[in-house]
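# Got a predicted structure here, sequence first:
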Amino acid sequence: MQLQVPEGMGRVAKVAEGANHILALTEEGRVWAMGTGSHGELGTGRVCSSPTEFVEVDLPDDVIVKDIAAGAWHSVAITDSNDVYMWGWNRDQQLGVDQV
């Protein structure tokens, strides 16, 4: 299946898949997501879904991401300064913190 990349997204360098969502890392170090966001795994700051269109993950403007990963209902981004951002479902503390 070919996915439509929105104008302005740039070239995709890597893709990671969860149970019901997809992450895309661009060559510029930005992260985009698409799919069901019932557990916050899209990283938009709210529980929402974008089943057919990519939305940009809500990260600080100065953050450049170098790698991504996706679990079933959570997402991970590693920055060029080796900071780790994680979001989504934390049922089993897979985000590295107690329940939030």
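Structure received.

# Name the surrounding residues that touch the lowest-mean-pLDDT helix or strand in the chain.
Sorting the helices and strands of the chain by mean pLDDT, DSSP states H and E puts strand 50-56 at the bottom, at a mean of 85. Strand 50-56 has contacts (CB atoms under 8 Å, 6 or more residues apart in numbering) with 3-6, 9, 24, 30-37, 42, 44. C-beta: built from backbone N, CA, C; applies to glycine.

# buried stuff in that strand?
Across strand 50-56, burial judged by 16 or more other CB atoms under 10 Å covers 50, 54, 55, 56.

# Please report which of the contacts of strand 50-56 has the highest neighbour count.
Looking at the contacts of strand 50-56 with neighbours defined as other CB atoms under 10 Å, the largest count falls to residue 42 at 31 neighbours.

# Do I have it right that that residue meets residue 48?
Yes. Contact between residue 42 and residue 48 holds when scored by CB atoms under 8 Å: they sit 6.6 Å apart.

# which residues touch residue 15?
Going by CB under 8 Å, 6+ apart, the list of residues near residue 15 reads 22, 23, 24, 25.
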